[in-house]
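**Q** Prediction below, plus the sequence it came from.
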Amino acid sequence: MAIAKRMRKALDGLDRNKNYSLAEAIAMVRERAVAKFDETIEMAMNLGVDPRHADQMVRGVVTLPNGTGKTVRVAVFAKGDRADQARAAGADIVGAEDLAEQILGGMLDFDRCIAAPDMMVVVGKLGKVLGPRGLMPNPKLGTVTADVASAVKAAKGGQVEFRVEKAGILQAGVGKASFGPDALAENIKTLFDAVSRAKPAGAKGTYIKKVALSSTMGPGVKVEVASITA
């Protein structure tokens, strides 16, 4: 009953069929983020692609100018000097074969996985574990790199990976409800621009069809696409 009452209150004054301007949508989402914790603000985009086709996959990475507000735990596969550099940069977990054994044993207490190139022989064996969770290091995303320190700092500093899922939906966090409207707007526009630039060659017709914002516990608010680029 409490959940239903809260949702009814959150829907009060919200037209689910209307596309609001970006400023209006941010205000409505923040007003409805009334949980006892700092809710994540998420952006969902309906793209005109079929990710089952390789030439229509949308994937990339972008650094949000105001960060995500989330504490990101980073695991790094590295040895020697690179392992020391990763620790100095703030990596939460650093290892090599020992780390691979822990992961195979069920330890997945991290949000991002980075690997030095010479560690991919070890990491490659973890594809079935890391792949489905979106944690497999990838050179195109900068998570397979000789400069592990910079990759760790980027992951900790507001870097967001995005990837279109089945049915052409792409979702990513763009901040917290405690962020000011200007900070959220800047993050949203940065992610929108990154997804726009990642338009695949196989995409036909309208690429970005719909955009919506929501908080962790709140309803979705549709956003007028043109207002994001205004």
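**A** Perfect, I can see it now. Numbers count the residues shown, from 1 in each chain.
**Q** Just the helices from the chain, written as ranges.
**A** Using DSSP state H, the helices of the chain run over 2-11, 22-31, 80-88, 97-104, 120-123, 127-130, 148-156, 181-197, 225-229.
**Q** if you compare those, which one is most tucked away?
**A** Scoring the helices of the chain by mean neighbour count under mean count of other CB atoms under 10 Å gives helix 148-156 as the most buried, with a mean of 22. The way it works is simple: take the backbone N, C-alpha and C, and place the C-beta from them, glycine included.
**Q** residues in contact with the nearest residue to residue 13 once chain neighbours are set aside?
**A** In space, and not counting its chain neighbours, residue 13 is closest to residue 28: 8.0 Å by CB to CB, 6 or more residues apart in numbering. Shown in contact with residue 28 (CB atoms under 8 Å, 6 or more residues apart in numbering): 13-14, 20, 221.
**Q** before we move on, what about residue 96?
**A** Applying CB under 8 Å, 6+ apart, the residues near residue 96 are 77-79, 83, 119, 122.
**Q** what does residue 45 give?
**A** Remark: with contacts taken as CB under 8 Å, 6+ apart, residue 45 is in contact with 169-171, 192, 195, 208, 210-211.
**Q** What distance do you get for residue 168 to residue 91?
**A** Distance of residue 168 to residue 91, computed by CB to CB, to the nearest Å: 34 Å.
**Q** Comparing these two, which shows the higher neighbour count?
**A** The neighbour comparison of residue 168 against residue 91 (other CB atoms under 10 Å) goes to residue 91, with 26 against 18.
**Q** Once you drop chain neighbours, what's closest to that one?
**A** Once flanking residues are discounted, residue 91 sits nearest to residue 76: 4.5 Å by CB to CB, 6+ apart.
**Q** Tell me the bridge partners for the one you found.
**A** Taking DSSP bridges, one obtains residue 94, residue 114 as the residues bridged to residue 76.
**Q** again, but for residue 223
**A** Going by DSSP bridges, residue 223 forms beta bridges with residue 20, residue 211.
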